[in-house]
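*Asks:* quick one, structure for this:
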Amino acid sequence: MQTLFINIKELLQVREHPLEKVSGDAMKHLPKIDHAYLLIEDQIIADFGPMKNCPTLPNAHIIDASDRVILPTWVDSHTHIVYAGNRIQEFVDRINGLTYEEIASRGGGILQSAKKLNETSEDELYEQSKVRLLEIMQQGTGAVEIKSGYGLTVEGELKMLRVIKRLKANYPAAIRATFLGAHAFPTEFKENHAGYIQLLIEDILPKIAAENLADYIDAFLETGYFSIEETQLIMEAGKQYGLIPKIHVNQFTAFGGIKACIEKGALTVDHLEIVTEEDILALQNSETMPVALPSCSYFISIPYTPARQLIDSGLPLALASDYNPGTTPSGNMNFVVATACIKMKMTPEEAINAATINGAYAMGISATHGSITKGKRANIIVTQPVTNYYQIPYAFGTNLIEKVMIEGQFI
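*Replies:* Okay, here's the model as predicted:
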C-alpha cells in the first residue's frame, strides 16, 4: 500500500544518508524541505522531496498536508511506564515541603511503588500499562524504552519485564526493555547490600536471559542508593548476558559516576541535573549519550540538566520523558521538547534533534528510527495547521498533533 503526503509545509529531520547522532554545533541544524512530498510504502519511508519532483501515483492514497509540518515520531529513551497505581499523595507531600529523600526515608517513593506492584497481578499490570503506552503513542511517541525496577523481588521484576514483552508484541511502537532491579534496596536488604546485588546477579539475571526479557541493564547510581562499585558490579554482570548499560546518574550529586559508566561501555547516562567539568571531559572522549529528563526537573523542582554547557562543549544530548508515578507522571514528549526550549535554553532545532535522532541513538535503534530517511520505519507526526515548526515548543499547552503514523498505520 502506498500513502503519498503532498503539499507539506515543512518536512523536518530529512537525512539523505543515515546518521547515528548529532553533537555540539551540529545540533543547531535541523534539515528540512519546504513545500514537500513524502511517500510511504507499507511500513517504510520510500521517497521524499520538493513538490516539484512529486511523482504521479494513481493508486496511492493521497493526503494533502497543506499548512502542516511532518516530522519523525518522538523517540523516548527513558521511561518507567509499567507500574501499578500511582503516588498522588507524594505530590501533595512535596507541595507541603517534604523532599524526595524524606519521602523515600519514610517508605514512600520507589519502595511504595514496589509494594503496590507486588500486590498487583501481571494481567492487571498489563491493563494499566497499555493505557499509558497508547496515550504516549497518540502524543507522537513511536519508540519507547521501558524499565523494570518497581518489583525489587525476583517475581516482581520478572512480572514487569513480561508485561513489557507483551506490550512489545501487541503494539506497533518500537519497545526496548531495561532491567532496573538496582533501582533501590528493598527494606529487608537495607543493611545487606551485597545480598541484594547477589540476588540480582545470581537469581534474576539468568531468568531474564532464559526468557529473553531485556535489552539493557540500569542502576540508580546515586548517594543513598547504589555506589559506583555496586553499579560497576551490576553493569559487568549484565554485560555477561548481553545487556548494555544505561545508567541513572548525577540526579542529585556528582561523585565520579559518569566516568565509571563510560569506562564500562554505557550507551547512555541519564538525568545529569548535576554536571562537573570532569564529567564533561569524560563524555567528550566517549560514545556515551547524555540524556536529559526536563519534565522530571519541572515536576519535583530540581535543577535542569545544563544543556547549554553540554552542547556548547561539543557533546550530543538526547531528551526523554522519565514517565513514572513518582517524579514524572507524564510521557508527553511535546511538553519535554517545549520545556527543554523554555527552561534549558535549547533551540527548537536542538530539542527536536535531541528527541528524535539522538533519542534513537540512546535506544540503539538509529538504523530504523529518528529521521526521515529512505528505508527507515514509517513513523511520523502530522501537525495541525501551524505557522512553522517553532510553534511546537511555543504553544506548549496546545495539542498540535493531527495524525500519528506508526509502522505505516495511523494510530
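*Asks:* in what helix or strand does residue 70 lie?
*Replies:* If you go by DSSP states H and E, residue 70 is part of strand 69-72.
*Asks:* just the endpoints, please. Distance across stretch 390-408?
*Replies:* Counting by Cα to Cα, to the nearest Å, you get 26 Å between the two ends of stretch 390-408.
*Asks:* got a list of what residue 367 touches?
*Replies:* Residues near residue 367 by Cβ atoms under 8 Å, 6 or more residues apart in numbering: 18, 376. Yep, even glycine has a C-beta here, placed from its N, CA and C like the rest.
*Asks:* just the element for it, please.
*Replies:* Here residue 367 is assigned to no helix or strand, by DSSP H and E.
*Asks:* ok so, going back, I'd like to know which elements the strand holding residue 70 is packed against.
*Replies:* If you count contacts as 3 or more Cβ pairs under 8 Å, 6 or more residues apart in numbering; DSSP states H and E, strand 69-72 packs onto strand 2-12, strand 380-383.
*Asks:* only C-alpha atoms, please: export that strand in PDB.
*Replies:* What follows is strand 69-72, C-alpha atoms only, in PDB (Å, rounded to 0.1, in the frame of the first residue of the first chain):
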ATOM      1  CA  VAL A  69       4.500  20.100   9.400                       C
ATOM      2  CA  ILE A  70       5.600  16.500   9.200                       C
ATOM      3  CA  LEU A  71       8.400  15.100  11.400                       C
ATOM      4  CA  PRO A  72       9.600  11.800  12.700                       C
END
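*Asks:* after it, heading C-terminal, what element do we hit next?
*Replies:* With DSSP H and E, the next secondary element past strand 69-72 is strand 74-79.
*Asks:* list the strands paired with that following strand, with their directions.
*Replies:* Here strand 74-79 has these sheet partners by DSSP bridges: strand 141-147 (parallel).
*Asks:* average pLDDT across the partner strand?
*Replies:* Averaging pLDDT along strand 141-147 gives 98.
*Asks:* which strands border the strand holding residue 70, and is each parallel or antiparallel?
*Replies:* With DSSP bridges as the test, strand 69-72 pairs up with strand 2-12 (parallel), strand 380-383 (antiparallel).
*Asks:* let me see the mean pLDDT of it.
*Replies:* 98.
*Asks:* how far out from the middle of the chain is stretch 191-203?
*Replies:* Stretch 191-203 sits 28 Å away from the centroid of its parent chain (Cα atoms, centre = their mean, to the nearest Å).
*Asks:* still on that earlier bit, pick the most buried one from the helices and strands packed on strand 69-72.
*Replies:* Highest mean neighbour count among those (mean count of other Cβ atoms under 10 Å): strand 380-383, with a mean of 24.
*Asks:* what about residue 308, is that helix, strand or coil?
*Replies:* helix (DSSP: H, G, I helix; E, B strand; the rest coil).
*Asks:* tell me, how many residues neighbour the residue nearest to residue 300 when sequence neighbours are not counted?
*Replies:* Of all residues not flanking residue 300 in the chain, residue 327 sits nearest, at 5.0 Å (Cβ to Cβ, 6 or more residues apart in numbering). Applying other Cβ atoms under 10 Å, we find 24 residues neighbouring residue 327.
*Asks:* dihedrals phi and psi, residue 327?
*Replies:* phi -120, psi -10 (degrees, to the nearest 10).
*Asks:* and if you look at residue 42?
*Replies:* In terms of degrees, to the nearest 10, the main-chain angles of residue 42 are phi 60, psi -110.
*Asks:* count of residues packed around it?
*Replies:* Other residues lying near residue 42 total 12 when counted by other Cβ under 10 Å.
*Asks:* what's the answer for residue 92, then?
*Replies:* The burial count for residue 92: 9, using other Cβ under 10 Å.
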